[in-house]
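**Student:** Dropping a prediction and its sequence here:
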Amino acid sequence: MKKLFSTFDIKNCHLKNRIVMPGLASFLIENDGSYSEKTIEHYRLRAAGGPAMIIMEAHGVAPEGIVSKHQARIYDDRFIKDLSRVAAVIKKEGSVPAIQIHHAGRQVPFRVINRKPFAPSVLPCPAIKGEVDPLDIRGIKKIIRQFGDAAERAVKAGFELIEVHGAHGYLINQFLSGFSNIREDEYGRDTAGRTRFAAEIIREIRHRIGTDFPLSFKISAQEFVPGGLTTEESIEILKQLVKNGIDVVQVSAGNDATPEWICQPMFMKPACLADSAAKIKSALDIPVMVVGRINDPFIAEEIINEGMADLVCMGRGLLADPELPEKARAERFEDIRICIACNTCMQSIFRKGRIECLVNPSLGREKEMAILPSGHPRKVMIIGGGPGGLSAARVAAMRGHNVSLYEKNSSLGGQLLIASVASYKNEMNRLINFLINQVKKYNIDCHLNENVTIETVKRNNPDVVVVATGSIPSIPEVSGSDLPIVLTANDILNGRQRDIKKVVIIGGGATGCEVALDLAEKGSDITIVEQLPRIAIQMEAITRKMIKKSLIKNNVRIITGYRLSRVFKDGALIEDKDKNEIFLKADQVIIAVGNKPYNDLSEQIRASGIVTYCIGDCVEVRSAKDAIYEGAKAGIEI
């Protein structure tokens, strides 16, 4: 870790190491744009964890440029007070406070601003759709001034670096890219024309903040769309922006049509943008930051050692574990809670309006989930060594309780072990290893191959029992479901049988799709049958897009609107709502229609007078995120 933790200087902005937290939407901003105590604590914890610099999330420079009521803002002097508070907290904890300024352009929903969003051209956002309002010259000049005003407020608030958000399909990126800019005036036509808007913003900001203040520019170096930016064109753009006053560039990728390159799922390799950053670094004479699936200090160190970038941005990695830099510096690698790129954080923002993390249950609720020593240590028995039970055991032990953990199988991990089998989900093993290492670290008394009964509980005489017995597969009640041709998804993922020629998978949810892809990649002929109109509807949107693309690539046949009617020794009969039937010949019929809770102990334990918590799938079948959160919450409440 020698180079990763060496000092670095960006135009007199002294950094104690090479780790930067990039701007990431926290969704902890109030509707009026103010910060709550949750916001302050969120950034304080990240700064205290040891990164050299915290770049605060994108702050809107104009009322018409925010993507959500929960977006941070900097378009009025009234926001300076809160900005000053968070900048001071970041600095006090030892990190350089930086801020990203931003205008979303055509990505602004009508419902947020009650008018058509601004755009460089008549082309609407491919994700939001709807009409846009192409900017005239007067409108362009106004937004340039608004960026300058925002930069002045950032300086007044105490930030020590400003980053202009020119990436991810937002307004500046919209001007830069031929994918979104079809103007025929001086702000379009060719690379030089499309760069003019960004260059004038940089000049305006530089005029306002002086020559010595550090200024960064974030660019989507590649957009992966027809007519979009490539690394080569981005280099030409950046050369012009350097002449106009930027001191450092952050290399990202993607736009509103390719979000998988903005927040890369586990399908993509770690440090997937490092090659692009290296090309830019070799072409420019300014420092380069790189972002993109850098979740591991060893990967970050390799990027620095190989000279691919000067600084590494760890975004989701610091959401998963705010202490990652300090743990890496102290070589406590087994204690790092690695981000697994599941994109739960993105899914929770879009579906719930708040940020959550599968591996870190305290994200967004740092104060209420603080792990504090217990004033009354208890004897705690945990039944079930899956994600919920392991999470409960870890937190309870950290608080000083005497914890014993019982698991009926020969290894810990529960459903996480099954979830990690598919090739693209091997990252899940890092979560399993973290939780198991925590069991060892806190000397939790662990009992494997133990099928707990009420007599086992009474013999141990605990003060508290946490029931985390999980779930078991559901099997449709149809004729032939007990034939040898039928297996569950768990059977396949547990390795019972993997080399199958022709397979019908009943259930096109997340598990069914994952099993289908895993077997298809191994050469099986796969058909998915889903009763609903679409497959993978519960999956996070970016991951769903990627897995559907991979299923098509691997020639997986998908039949929707049908359910299983009957199983024969050589295949499955399926039917739609109108009783139209199709027979699908198969060597194996795999059932992946979900699980049902498995909990035959909790009532007996409660009846014996012992305080009992039930968590995770044994209550209601949900996700690993829910189990880990409920386990941590139980550990805090005990």
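**Tutor:** Structure's in. What do you need?
**Student:** so is Phe27 in a helix, a strand, or just coil?
**Tutor:** Under DSSP: H, G, I helix; E, B strand; the rest coil, the three-state class of Phe27 is coil.
**Student:** From His42, how far off is it?
**Tutor:** Using C-beta to C-beta, to the nearest Å, Phe27 is found at 10 Å from His42. For the C-beta atoms, the positions are set from N, CA and C on the backbone; glycine is no exception.
**Student:** Equivalent analysis for Ile485, please.
**Tutor:** 52 Å.
**Student:** and these two? which has more neighbours close in?
**Tutor:** Neighbour count, other C-beta atoms under 10 Å: between Ile485 and His42, His42 has more, with 25 against 19.
**Student:** just checking, the more buried one touches Glu366?
**Tutor:** Yes: when contacts are counted by C-beta atoms under 8 Å, His42 is listed as touching Glu366 (6.1 Å).
**Student:** Strands of the stretch 401-550 of the chain, start to end?
**Tutor:** 402-406, 445-447, 464-467, 471-473, 486-488, 502-506, 525-530 (DSSP state E, counting those that start in this stretch).
**Student:** what is the mean pLDDT for the fourth one?
**Tutor:** I take that to be strand 471-473. Summarised as a single mean, pLDDT over strand 471-473 is 94.
**Student:** Can you pull the residues that touch both of Phe27 and His42?
**Tutor:** Shared contacts of Phe27 and His42 (C-beta atoms under 8 Å, 6 or more residues apart in numbering): Gly364.
**Student:** Contact partners for Ile303?
**Tutor:** Taking C-beta under 8 Å, 6+ apart, we find Ile303 in contact with Ala271, Ala274, Ala277, Val290, Ile294, Ala309, Val312.
**Student:** hang on, the first one packs against Asn295?
**Tutor:** No: between Ala271 and Asn295 there is no contact under C-beta under 8 Å: 9.1 Å.
**Student:** Now do the same contact list for the most centrally placed residue in the chain.
**Tutor:** Nearest residue to the geometric centre of the chain (C-alpha atoms, centre = their mean): Asn343, 3.0 Å. Asn343 makes contacts with Cys263, Pro265, Glu540, Ile542, Thr543, as judged by C-beta under 8 Å, 6+ apart.
**Student:** One more: Glu581?
**Tutor:** Contacts of Glu581 (C-beta under 8 Å, 6+ apart): Ser565, Leu573, Ile574, Glu575.
**Student:** and these as TSV, adding neighbour count?
**Tutor:** TSV is the format used below for the contacts of Glu581 (neighbours: other C-beta atoms under 10 Å):
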residue	neighbour count
Ser565	18
Leu573	17
Ile574	22
Glu575	15
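**Student:** Leu584: which of these is nearest?
**Tutor:** Leu584 has its nearest neighbour among the contacts of Glu581 in Ile574, at 6.4 Å by C-beta to C-beta.
**Student:** ok so, going back, for the residue nearest to the centre of the chain, which non-adjacent residue is spatially closest?
**Tutor:** Using C-beta to C-beta, 6 or more residues apart in numbering and skipping residues adjacent in sequence, the residue nearest Asn343 is Glu540, 4.5 Å away.
**Student:** sorry, back to before: of the contacts of Ile303, which is the most crowded?
**Tutor:** Neighbour max across the contacts of Ile303 (other C-beta under 10 Å) = Val290, 31 neighbours.
**Student:** For that one, give its distance to Ile590.
**Tutor:** 41 Å.
**Student:** what's the answer for Lys2, then?
**Tutor:** 49 Å.
**Student:** Looking at the two, which one has more neighbours?
**Tutor:** A direct count of neighbours by other C-beta under 10 Å for Lys2 and Ile590 places Ile590 higher, at 29 against 8.
**Student:** May I have the secondary structure class of the more buried one?
**Tutor:** strand.
**Student:** if I read this right, it contacts Val503, doesn't it?
**Tutor:** Yes: using C-beta under 8 Å, Ile590 makes contact with Val503 at a distance of 6.1 Å.
**Student:** where does Arg351 land on pLDDT?
**Tutor:** 82.
**Student:** neighbours around it, how many?
**Tutor:** For Arg351, the neighbour count with other C-beta under 10 Å is 12.
**Student:** Torsion angles phi and psi at it?
**Tutor:** For Arg351, the backbone dihedrals (degrees, to the nearest 10) come out as phi -100, psi -30.
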